[in-house]
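Undergrad: kindly return the folded structure for what I paste below:
(one chain, ligands or ions: 1)
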Amino acid sequence: MAGNWKMYKTPAETIEFFERFRGLVEQATHCEIAIFPPFTSLAAAVEMAKGTRIRIGAQNIAWAKEGAFTGEISGPMIAAAGASHALVGHSERRQYFGETDDTVLKRTQAALEFGLTPIVCVGERLEERESGRTEDVLSSQFAKGIGGLTAAQFEKIVIAYEPVWAIGTGKTATPEIAAEAHRAIRAQAQLKFGKDAAAAIRILYGGSVKPDNVRALMGQPEIDGALVGGASLDAASFASIVNF
Ligand code: 13P
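TA: Numbering: from 1, shown residues only. As a prediction, this is how the structure comes out:
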């Protein structure tokens, strides 16, 4: 169960969140929990998560180790801050910051090279779904953004399916729609990496996941977890999602 805070929370707000959140998920051993704060709150989050099962991740990762890449943060820097995960290819990065399948692949490879677990995001836009192109879009994002990994690398990633039309809109994909997309992604994984790898890969659903719909989504065997935006900003609400 992953919480993507997007561009919310200062270090002080991060500390306040963890003070409430830690106790609320103490008993949650049924799943992994990861929180993705903005870079400037990574250190505070790592400090507050010490001694708990909560893992911390970055929302993006540079493809290079270091160099003249103004505004980027590298894998070794993220790891040195104490984080263990990195989001890659979130639709907001694709939409506003020119992320492409090619840079998604490079960032994913960098995360793995520097010992971080990447959560690679894929998902179709509204007009793509409405014109019946969902599966084509998912296959193409998979082929170009994930298909370039080796089998050994593929085993270490997590995939998140986030239909763009469901992000921040309050429109959740129905559990059936989400499961269908997860099956399409898993089918791509099977074609490229084989049956066992496809069965083992974890696919999270993201897009308006809330305490009141998480149970039905998680009831689908195809859905292995959730990547939560807005509802992860409040400790009680994210805890009730974790404890679904
Ligand atoms: P919301 O849960 O706010 O729709 O955001 C989903 C998301 O983009 C998580 O990465």
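Undergrad: can you pull the residues of the chain lying near the ligand?
TA: 4, 90, 162, 167-168, 206-209, 227-231 (CB under 6 Å from any ligand atom). For glycine as for every other residue, the C-beta is placed from the backbone atoms N, C-alpha and C.
Undergrad: hmm, which of those are the buried ones?
TA: Neighbour-count burial (16 or more other CB atoms under 10 Å) is assigned, among these, to 4, 90, 162, 167, 206-209, 227-231.
Undergrad: now the closest residue to the ligand within the chain, nearest residue through space, not along the chain?
TA: Here the residue of the chain nearest the ligand is Gly229; by CB to the nearest ligand atom that distance is 2.2 Å. Once flanking residues are discounted, Gly229 sits nearest to Asn4: 5.3 Å by CB to CB, 6 or more residues apart in numbering.
Undergrad: so the residue in the chain sticking out farthest from the centre: helix, strand or coil?
TA: Ranked by distance from the centre of the chain (CA atoms, centre = their mean), the top residue is Ala68, with 27.0 Å. Secondary structure for Ala68, judged by DSSP: H, G, I helix; E, B strand; the rest coil, is coil.
Undergrad: and for Gln27?
TA: coil.
Undergrad: might one say that Trp165 is in contact with Glu128?
TA: No - if you go by CB atoms under 8 Å, Trp165 and Glu128 don't touch, sitting 9.0 Å apart.
Undergrad: and the helices in the protein?
TA: 11-24, 42-49, 75-80, 91-96, 101-113, 126-130, 134-145, 151-154, 175-193, 195-200, 214-218, 235-242 (DSSP state H).
Undergrad: other SSEs contacting the third one?
TA: It stands for helix 75-80. helix 101-113 (3 or more CB pairs under 8 Å, 6 or more residues apart in numbering; DSSP states H and E).
Undergrad: which strand residues bridge the residue nearest to Ile157 when sequence neighbours are not counted?
TA: Excluding the flanking residues, the one nearest Ile157 by CB to CB, 6+ apart is Pro118, at 5.2 Å. Beta-bridge partners for Pro118, by DSSP bridges, are Ala86.
Undergrad: what's the burial count for Pro118?
TA: Neighbourhood size, Pro118 [other CB atoms under 10 Å]: 27.
Undergrad: find me the pLDDT at it, would you?
TA: Note for Pro118: predicted pLDDT of 98.
Undergrad: over to Asp101?
TA: pLDDT, read off for Asp101, is 96.
Undergrad: likewise Thr172?
TA: Thr172 is assigned a pLDDT of 84 by the prediction.
Undergrad: residues contacting Ala226?
TA: Applying CB atoms under 8 Å, 6 or more residues apart in numbering to Ala226 gives the contacts 1-2, 204-206, 209, 214, 217-218, 241.
Undergrad: make CSV from the residues you listed and add pLDDT and distance to Phe17 to it.
TA: As requested, those are exported to CSV (pLDDT from 0 to 100; distance: CB to CB, whole Å):
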residue, pLDDT, distance to Phe17
Met1, 98, 15
Ala2, 98, 15
Leu204, 98, 21
Tyr205, 97, 23
Gly206, 97, 19
Val209, 97, 18
Val214, 98, 19
Leu217, 97, 23
Met218, 98, 23
Ile241, 98, 14
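Undergrad: quick check: Thr172 touching Asp212?
TA: No - using CB under 8 Å, Thr172 is not in contact with Asp212; the gap is 9.9 Å.
Undergrad: which one's more surrounded, those two?
TA: In this view Thr172 and Asp212 are compared by other CB under 10 Å, and Thr172 has more residues nearby, 21 against 12.
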